[in-house]
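**Q** Quick one, what's the 3D model for this:
(2 chains)
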Protein chains: 2
Amino acid sequence: MRVGLVQQAYAGDQEKTVAETVDKIEKAAEAGADLVVLQELHQSHYFCITEDTEHFKLAQNFEDDVRFWGEIAKKANIVLVTSLFEQRAPGLYHNTAVVFEKDGSVAGKYRKMHIPDDPGFYEKFYFTPGDLGFEPIDTSVGRVGVLVCWDQWYPEAARLMALNGADMLIYPTAIGWFDEDSDAEKSRQLDAWVTVQRAHAVANGIPVIAVNRVGKEVDPSGQLDGIRFWGNSFVCGPQGEFLFRASAHEALWRVVEIDMNRVTDVRNIWPFLRDRRIESYKNLTKRYIFKP
Amino acid sequence: MRVGLVQQAYAGDQEKTVAETVDKIEKAAEAGADLVVLQELHQSHYFCITEDTEHFKLAQNFEDDVRFWGEIAKKANIVLVTSLFEQRAPGLYHNTAVVFEKDGSVAGKYRKMHIPDDPGFYEKFYFTPGDLGFEPIDTSVGRVGVLVCWDQWYPEAARLMALNGADMLIYPTAIGWFDEDSDAEKSRQLDAWVTVQRAHAVANGIPVIAVNRVGKEVDPSGQLDGIRFWGNSFVCGPQGEFLFRASAHEALWRVVEIDMNRVTDVRNIWPFLRDRRIESYKNLTKRYIFKP
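**A** Predicted coordinates:
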C-alpha cells in the first residue's frame, strides 16, 4: 500500500492553500499513491487559536467542500482523507474527517470524538464532540480507522478502531509549539506526541499515519503570540517502527510504502488481542474510580 | 521521590542470585532510595523458557520468600517491589508481585493479569491469570500501580491503574532477544517495548518504572537456543521523558530522582482524563467486534 502525505503551511488565504493541496495530491497520485492523507482543517488557518463566531462561516460551505474534494479524489484516482469544518445546524458544528473513494464518492465520515481546550486550542468553543463513534471506514485500500488530533492521546480510541477491524490508523492533526516554551519542554511535547501514536501501532499491531501542519500562525486576538506547528508527519509500521518521518518546518509531500503483509506476521507472534482480560475492563467506562 | 532499580543477571543458582539482589538493595538504600524495584522472577532463572513440572517446586516456598523479602525491606528501610512465584494450591500458581512497606509488612500484592505464551515464554503453562484486578497498592511513597511484563503491552491495564489513583506505574519484567533474529528485528522489538510503556506515562500523566533482567539464559530442553535478556530498565516522567535508561547487557543498580510535583503540572495542562468519551467506550469489554 502506498500512502501519500501532504504536510503544508497555511498560505495566507483559503484559495492559495487549497490550490497547493490539490497540486500536492496530484503529485502524490502521479508518484503512485493509493491513499492520500491531509492535515487537520487543511482548508484554512487553525482558527481555534482564538474564540470568534466569525469563524463559523468557514463551516457553512461543508456540502460544497465535500463535492470539491470528491472531484479531486476522482481526478487523482486515489482514496482521500480530508479534514473539514462541518455545519450541521447553526450553533452545531463538528470537526469532521470525510474519506473519499477513488471514484469521488463519500466512503465515510468520522466526527472528532475527543475535543481539546487549552490556551490557543479553543476547540470546545467550535466543535461538538462527535456522535459517530469509533467506526473504521471501508475503502478500496482497506478499512481505515480515521481519528483526529486530540484523539491521538487516547488508547481507547485506537483500540476500539482495532477491535472494529481497522487495517490502519490515520490521524490528521494540527499541533505545535509556543515559541516562549523552553527547548527542553518543546522536545518533551513533540516526543510525547510521536511516542503515544507509535504505541497505538504497537498495542494494536497496525500501521499509523499522522499528518500535521507546519508554519507559524499568529493569534489575531493578541492574547497569545501564536502557534508554531511542528510538522513531523510520520508513518510507522505495526511494531511502531518509522517508515517515514518529516521535519518540523518543511512543507512537503511524500509517498511511503507500507507492507500490509507484515501486519499479520507481527500480530501472530505478538497476539495482544488474544490475552486481553475483557472481564476485568468494565471500569474503563468510569470517569474516575479512586476516592482519596 | 528516589527510586532504586536493580537490573541483574541470573547468577547460576538461587542463593548467589538472591545474595546479589540483597547487596544491591542495600547499596540503593544507602544511596537514598525510598523505593526499590526488582525485575520479574528475580529469585530464579527465567524457568518459563521451557515447560517442566519440576519448576513448580520454585513456588512452594512462597510464604518463606514473603517473610525473607519483608525482612530485607525492613532492614534497608525502603518500600520494596518484589516479583515472586506463588503456589496457592498444587496446580494453581501465580506470577505475583509482593510490595513491602518500610517496616517489612506486606503493603499489597498484584497477580499478573495478562499471561503470554510464545516460544521460550511458556507462561500459560505456569501461571493462572491474576484475580486481584488492577488495584494500586498504598505505600508510604505513594500509591503504586504494579503490573508485570506482558501487562506492559496493554493500555487498558495502565489506564485502570491510573483511574484507580496510581501515582506511578511499575513493571518488573523478563524480556529479551533470540540471537538468531536479525539486528533490525531486535531493534524494532526493544523499541516497541520501550515505546508502549513510555506511552502509558504520556496517556496517563504519571511516571513509569520498568526493570528488566540481563544475561543469556539457555533453554535446558534444547528446543530453543535461549533468551538474551535485553536489560534497558528505565524510568520516565509523566510526559514519557527518560529520567534514566540502562544498557542492554550490564548488571547494575541505580537510584533515580522523580519529581512528583511535575505530575500535577503536566496533568493540568494535558488533562486527558477530562475529555475521555466514557459513554462510547463500552465495547472495550468485547473480545472483537468486526465481522468481515
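
**Q** so the residue most central in space within chain A, which of the three states?
**A** Residue closest to the average C-alpha location in chain A (C-alpha atoms, centre = their mean): A:P172, at 1.7 Å. Taken by DSSP: H, G, I helix; E, B strand; the rest coil, the conformation at A:P172 corresponds to strand.

**Q** Would you confirm that it contacts A:V81?
**A** Yes. Judged on C-beta atoms under 8 Å, A:P172 makes contact with A:V81 at a distance of 6.6 Å. In short, each C-beta sits where N, CA and C put it, glycine included.

**Q** Is there any residue in the helix or strand that A:D191 is a member of that contacts chain B?
**A** A:D191 belongs to helix A:183-204 when assigned by DSSP states H and E. Yes. Helix A:183-204 reaches chain B (C-beta under 8 Å from any C-beta of the partner chain) through A:R188, A:Q189, A:D191, A:A192, A:T195, A:V196, A:R198, A:A199, A:H200, A:V202, A:A203.

**Q** Reformat the residues you listed as TSV; add pLDDT and neighbour count.
**A** Putting the residues of helix A:183-204 next to chain B into TSV (pLDDT from 0 to 100; neighbours: other C-beta atoms under 10 Å in any protein chain shown) gives the following:
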residue	pLDDT	neighbour count
A:R188	98	20
A:Q189	98	20
A:D191	98	17
A:A192	98	25
A:T195	98	23
A:V196	98	26
A:R198	98	25
A:A199	98	28
A:H200	98	30
A:V202	98	30
A:A203	98	26
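
**Q** Closest to A:A158 out of the residues you listed?
**A** A:H200 (3.7 Å; C-beta to C-beta).

**Q** Just confirm the closest one contacts A:E156, I think it does.
**A** No. Counting by C-beta under 8 Å, A:H200 sits too far from A:E156 to count as a contact (10.4 Å).

**Q** if we can go back for a sec, need the overlap of contacts for A:P172 and A:V81.
**A** Common neighbours of A:P172 and A:V81 (criterion: C-beta atoms under 8 Å, 6 or more residues apart in numbering or on different chains): A:V37, A:L38, A:A97, A:V146.

**Q** which element follows the longest strand along chain A toward the C-terminus?
**A** Across chain A, the longest stretch assigned as strand under DSSP state E is strand A:79-89. Downstream of strand A:79-89, the first helix or strand assigned by DSSP H and E is strand A:92-100.

**Q** packing partners for that following strand?
**A** Packing contacts for strand A:92-100, counted by 3 or more C-beta pairs under 8 Å, 6 or more residues apart in numbering or on different chains; DSSP states H and E, involve helix A:62-76, strand A:79-89, strand A:106-111, helix A:123-126, strand A:142-146.

**Q** Pull up the pairing partners for that strand, direction included.
**A** According to DSSP bridges, strand A:92-100 has the following sheet partners: strand A:79-89 (antiparallel), strand A:106-111 (antiparallel).

**Q** Can you read off the pLDDT for A:L273?
**A** Per-residue confidence at A:L273 stands at 98 (pLDDT).

**Q** wait, isn't it in contact with B:F290?
**A** No. Here A:L273 lies out of contact with B:F290, judged by C-beta under 8 Å, at a distance of 11.2 Å.

**Q** List, one by one, the residues from the stretch 51-200 of chain A near chain B.
**A** Residues of the stretch 51-200 of chain A lying near chain B (C-beta under 8 Å from any C-beta): A:113-116, A:118, A:129, A:133-134, A:136, A:143, A:150, A:153-160, A:163-165, A:188-189, A:191-192, A:195-196, A:198-200.

**Q** ok, of those, which come out buried?
**A** A:113-116, A:129, A:134, A:136, A:143, A:150, A:153-160, A:163-165, A:188-189, A:191-192, A:195-196, A:198-200 (16 or more other C-beta atoms under 10 Å in any protein chain shown).

**Q** Quick check: bridge partners of A:F234?
**A** As for beta bridges, A:F234 partners with A:A210, A:R245 under DSSP bridges.

**Q** roughly how far apart are it and B:V194?
**A** Relative to B:V194, A:F234 is positioned 17 Å away (C-beta to C-beta, to the nearest Å).

**Q** same deal with A:C236?
**A** Remark: distance between A:C236 and B:V194 (C-beta to C-beta) = 14 Å.

**Q** one step back: and the residue nearest to the centre of chain A, what does it touch?
**A** By C-beta under 8 Å, 6+ apart, the contact set of A:P172 is A:37-40, A:42, A:81-83, A:97, A:146, A:148-149, A:211.

**Q** please redo it, this time with the cut-off set to 6 Å
**A** A:P172 is in contact with A:Q39, A:E40, A:S83, A:V148, A:V211, counting by C-beta atoms under 6 Å, 6 or more residues apart in numbering or on different chains.

**Q** Give me whichever of the helices and strands packed on strand A:92-100 is most buried.
**A** Of all the helices and strands packed on strand A:92-100, strand A:142-146 has the most neighbours on average by mean count of other C-beta atoms under 10 Å in any protein chain shown, namely a mean of 24.

**Q** What helices and strands are in contact with that strand?
**A** For strand A:142-146, the elements it packs on are strand A:168-173, judged by 3 or more C-beta pairs under 6 Å, 6 or more residues apart in numbering or on different chains; DSSP states H and E.

**Q** how much does the strand it packs on deviate in direction from strand A:106-111?
**A** 60 degrees (axes from the mean of the first three to the mean of the last three C-alpha atoms, to 10 degrees).

**Q** ok, strand A:168-173: who's next to it in the sheet?
**A** strand A:142-146 (parallel), strand A:208-212 (parallel).

**Q** Not counting the helix or strand just after it itself, show me its contacts.
**A** Proceeding N to C from strand A:168-173, the next assigned helix or strand is strand A:176-177, under DSSP H and E. By C-beta under 6 Å, 6+ apart, the residues outside strand A:176-177 that reach it are A:K186, A:I227, A:R228, A:F229, A:W230.
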